[in-house]
Structures are given as C-alpha cells and as structure tokens.
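Participant: Sequence and predicted structure below; questions after.
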Amino acid sequence: MADSAPLQLLLNVEVFAPEHLGRRHVLVGGGQVLYIGEEKPVVEGPEVEEIDLAGKRLIPGLVDAHVHVIGGGGEAGAHTRAPAPMLSHYTLAGVTTVVGLLGTDDLTRSTSGLLTQVKALRNEGLSAFAWTGGYHIPPTTLTDSVRGDIVHLEEVIGFGELAISDHRSSQPTFDEFLRVASECHVAGLMTGKAGVLHLHLGDGSRGLEFVRRALNETELPPRTFHPTHVNRRRALFEEALDLAQRGVTIDVTAFPDEEAAEDEVSAAEAVRRFNDSGLPAERLTVSSDGGGCLPHFDDQGELLRMGFATSQALADLLKQLLDSGHALEQIAPFFTQNPARYLRLQRKGMVRVGFDADFAVLDSDHTITDVLAQGRWHVRDGQPAVKGTFE
C-alpha cells in the first residue's frame with residue numbers, strides 16, 4: 001500500500017523534525033520522504049499533487065507505544081470488556097504508529113488475536129507492532145516462549161505489559177521477572193529488535209523495586225526495562241526519575257485529567273518535572289493506554305469506577321503543553337522520536353529523507369488538523385479521509 005502512495009509536494013510548511021527546521025517544502029512519494037528543502041523542487045515524470053499548507057506546523061506522526069488494539073478491561077465482568085478501537089480513533093489523534101498489547105485479560109484475549117488486529121491495522125494503512133504476553137506469568141505467547149515470539153514473529157518487538165506492584169498481577173517472583181527480562185534482552189540481540197520488557201506499574205508500595213534490584217544484582221542493561229504508568233503515584237514517579245538517572249527509559253501515561261486520582265501526577269506535570277530534572281531528554285516517552293479501561297479500586301481491590309482511555313489523550317496532552325508555553329521542538333520528541341528510537345522502529349519518529357511519510361499537521365491553536373500515514377492522507381481539516389473497514 002505504501003509503495004503505491006501518490007507523489008505529493010507539501011508547500012510552505014513549518015517543519016519540526018522534531019527539531020525546528022523552519023519553512024520548507026516537503027516531497028513525498030511511495031510512502032517515504034523524498035526531499036526537504038527551502039527551494040521548491042522541480043519534479044519530472046509522474047504528475048505531482050501540490051498542497052500549500054500556508055505555514056502550518058508539521059511534526060512526525062505520533063508513536064503510541066501502549067495501545068489495547070483489541071480492547072482492554074473486563075475487571076468488572078464480561079460486559080466491561082472494551083471493544084477494539086477503529087482506525088480513525090488513532091489517526092484523528094495524530095497517531096500513525098501503534099504498539100498493541102494485552103492487559104489484565106490475557107486469557108480470553110490472546111496473542112493470536114492481538115497479532116491479527118495488528119495485521120488488520122496495517123492493512124488499513126497504519127503502522128502497527130505488538131508486545132507479546134500480558135499482565136501474567138506464565139506468559140501468553142504464540143510460540144510457547146517469549147524469546148520465540150520476538151525472534152519468529154515479525155510484528156513482535158518485546159514483552160508487555162507485565163504487571164508488577166498490582167493486585168491484578170500474577171505476583172511474579174524476582175527470579176520469574178528476571179527470566180522474562182533475559183528472554184527479551186537475548187531476543188533483541190538475536191534480531192535487532194527492541195528486546196524490551198514493557199512493565200505495567202500498579203499502585204502497590206513495592207513500586208519499581210524489581211527494576212532496581214535487576215540493575216544492582218544482574219548484568220541486564222537498563223534499556224531492557226520500560227516501566228509505564230509511572231505517573232500514577234507521586235512516590236512512584238520519584239522512583240522512576242531515579243531510575244532514568246541510571247539509564248532506564250520511563251513512560252508517562254496521558255491519563256485524562258478527569259480520571260486523575262488524588263496522589264497522581266498529571267501527564268503535563270510529569271513532562272514538566274522531567275524537563276526540569278536535567279535528565280537526558282531521550283529517556284522519556286509518552287503513551288495513551290488507548291483502548292483500555294481506567295479502573296479505580298478501593299483498598300480491598302473492589303472496583304469503584306471505570307473510565308476509558310483513548311489515543312486522543314496524546315493529542316490533548318500535546319496541545320495542553322503547547323498552550324502552557326512549552327516549545328514544540330522540546331516536547332515533540334516524547335511523542336515521536338523517543339519511542340521510535342528506543343523501540344527500534346525503523347524510519348519512524350522523525351521527518352527525514354528516506355523515512356516514512358508519517359506526519360501530523362498542527363494549526364495555530366495547536367490542534368491536529370491533518371494526518372499523513374505512509375504517504376496517504378488519513379485526516380484532512382479535522383475529518384477522517386480514510387475510515388476503518390467497519391466504521
């Protein structure tokens with residue numbers, strides 16, 4: 001599909017690649033970026049469509065590394081299993097790349113079902129990958145091993161989301177935790193894939209203890225561990241900042257503000273505090289938990305209420321940060337370049353010649369108005385130009 005994407009010349013666009021390049025013309029074709037420059041290129045041969053974006057800002061398409069692409073939830077009974085999000089759920093939020101996963105329900109939802117939905121999204125024009133496994137150990141896999149899934153299944157880049165410090169986890173021992181982490185690391189070495197253990201963090205007081213012990217007691221490198229939801233408790237976020245100092249890449253979840261708990265660090269505050277910490281900028285990623293439920297439990301593990309997460313939280317967070325005065329070139333990498341580079345998603349996360357033509361276009365009030373995925377317009381003027389098969 002990408003190979004047949006049309007030849008298009010985007011004129012007068014303010015390019016953030018994510019670094020600010022200034023006003024440029026961008027030529028795309030065959031799903032890739034062919035030219036970026038101040039001078040309008042002379043294109044011979046196939047007819048090229050010219051689109052004047054009149055100074056709008058162009059950034060790489062957002063990379064959402066934590067998405068329940070076949071739906072999440074189910075903690076309050078079968079009727080609370082969330083449905084699979086449709087294609088425009090992602091593209092309207094500026095998301096052009098997703099990494100799908102299983103959560104609490106890795107029993108009635110399977111790795112094979114996850115991979116099928118990843119393939120479906122690819123067929124519809126999105127870039128999609130997967131984490132194998134889910135919350136629990138023994139892990140849900142397709143080849144009967146974590147290492148086998150990463151090595152043999154092209155879409156699988158690592159294991160996730162393994163639940164720790166959560167009453168819904170399988171309460172893994174430290175040795176079980178290390179075994180899965182080592183499987184990820186070795187599979188990454190064998191394949192050149194990310195080989196990352198993507199960790200769900202719950203509200204438990206143990207926090208990131210297992211990751212600290214792994215760094216202190218084993219030879220596993222810090223990049224093996226990718227803890228997410230680290231802003232769900234203030235003490236947990238402090239732990240995460242300490243681990244980022246030691247080389248761990250941490251992931252902030254763009255929880256909707258109306259779902260925020262009293263002890264929670266909002267995503268905007270987490271980004272601001274990370275920026276103020278002086279830590280290397282590449283050690284923060286932001287994801288949405290899209291397609292999943294946002295349950296709140298009491299101290300007996302009983303469900304109090306449940307919300308629903310969407311990838312739109314990323315676009316909303318980006319706008320919130322820009323509205324509060326953050327520079328686009330400073331915060332855009334958390335949504336684009338950082339997850340793409342850390343997860344070794346080739347040709348993603350940057351506006352570069354030879355990279356995939358995945359773009360989001362922002363208007364003057366920081367709203368995403370247009371989205372190009374693999375060289376094809378999926379959103380124009382805030383409306384879906386391409387819809388999923390069942391939309």
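Facilitator: Nice, I can see it.

Participant: Just the helices from the stretch 201-350 of the chain, written as ranges.
Facilitator: 209-217, 234-245, 267-277, 312-323, 328-335, 337-342 (DSSP state H, counting those that start in this stretch).

Participant: In this protein, where's the longest helix?
Facilitator: helix 174-191 (DSSP state H).

Participant: Can you tell me what sits against that helix?
Facilitator: Helix 174-191 is contacted from outside by 133, 137, 139, 145-147, 150-151, 158-159, 162, 164, 172, 193-197, 210, 213-214, 218, 220-221, 224-225, using CB atoms under 8 Å, 6 or more residues apart in numbering. Using the backbone N, CA and C atoms, a C-beta is placed for each residue, glycine as well.

Participant: buried stuff in it?
Facilitator: Within helix 174-191, the residues scored as buried using 16 or more other CB atoms under 10 Å are 176-178, 180-185, 187-188, 191.

Participant: got it, and stretch 212-224?
Facilitator: Here stretch 212-224 shows 212, 214-215, 220, 222-224 as buried, counting by 16+ other CB under 10 Å.

Participant: ok, of those residues, which one's closest to V361?
Facilitator: Closest approach between those and V361, by CB to CB: R223, at 32.2 Å.

Participant: Please list all residues in contact with the closest one.
Facilitator: 196, 247-249, 342.

Participant: which among those residues end up buried?
Facilitator: The neighbour count (16+ other CB under 10 Å) marks 196, 248-249, 342 as buried among the contacts of R223.

Participant: From the residues you listed, which land in strands?
Facilitator: V196 (DSSP state E).

Participant: pLDDT added to the buried ones among the contacts of R223, as JSON lines?
Facilitator: Converted to JSON lines, those look like this (pLDDT from 0 to 100):
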{"residue": "V196", "pLDDT": "98"}
{"residue": "V248", "pLDDT": "98"}
{"residue": "T249", "pLDDT": "98"}
{"residue": "Y342", "pLDDT": "98"}
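
Participant: Go through the buried ones among the contacts of R223 and name the one nearest L53.
Facilitator: Y342 (29.5 Å).

Participant: List the residues that contact that closest one.
Facilitator: Counting by CB under 8 Å, 6+ apart, Y342 touches 194, 196, 223, 226, 249, 282, 285.

Participant: between these, which is nearest H20?
Facilitator: When the contacts of Y342 are ranked by distance to H20 (CB to CB), E282 comes first, at 17.7 Å.

Participant: quick one on the thing from earlier: select, out of the helices of the stretch 201-350 of the chain, the one closest to V371.
Facilitator: Among these, helix 312-323 sits nearest to V371 (CB to CB), with 10.0 Å.

Participant: elements contacting the closest one?
Facilitator: Counting contacts by 3 or more CB pairs under 8 Å, 6 or more residues apart in numbering; DSSP states H and E, helix 312-323 is packed against strand 62-67, helix 267-277, strand 284-287, helix 328-335.

Participant: just the angle between that helix and strand 62-67, please?
Facilitator: With axes from the mean of the first three to the mean of the last three CA atoms, to 10 degrees applied, the angle from helix 312-323 to strand 62-67 works out at 130 degrees.

Participant: CSV for the helices of the stretch 201-350 of the chain, including distance to T111?
Facilitator: Output for these, formatted as CSV (distance: least, CB to CB, whole Å):
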stretch, distance to T111
helix 209-217, 23
helix 234-245, 28
helix 267-277, 29
helix 312-323, 25
helix 328-335, 27
helix 337-342, 22
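
Participant: between those, which one is nearest to G72?
Facilitator: helix 312-323 (14.1 Å).

Participant: now what about the closest one, what contacts it?
Facilitator: With contact meaning CB under 8 Å, 6+ apart, helix 312-323 is reached by 62, 64, 89, 92-95, 254-256, 267-268, 271, 286-290, 328, 331-332, 335, 365-368.

Participant: Over to stretch 101-116?
Facilitator: By CB under 8 Å, 6+ apart, stretch 101-116 touches 66-75, 81, 100, 130-136, 139-142, 149, 153, 155-156, 160-161, 163, 168, 198, 200, 292.

Participant: and these, which are buried?
Facilitator: In these, burial by neighbour count holds for 66-75, 81, 100, 130-136, 139-142, 149, 153, 155-156, 160-161, 163, 168, 198, 200, 292, counting by 16+ other CB under 10 Å.

Participant: Show me those residues that map onto helices.
Facilitator: Among those, the ones falling in helices (DSSP H) are D149.

Participant: Which of the buried ones among the contacts of stretch 101-116 fall within strands?
Facilitator: Secondary-structure check on these using DSSP E: residues within strands are 66-67, 100, 130-132, 156, 160-161, 163, 198, 200.

Participant: how about those in CSV, adding pLDDT?
Facilitator: Shown next, in CSV, are those (pLDDT from 0 to 100):
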residue, pLDDT
H66, 98
V67, 98
G100, 98
A130, 98
W131, 98
T132, 98
V156, 98
G160, 95
E161, 95
A163, 98
H198, 98
H200, 98
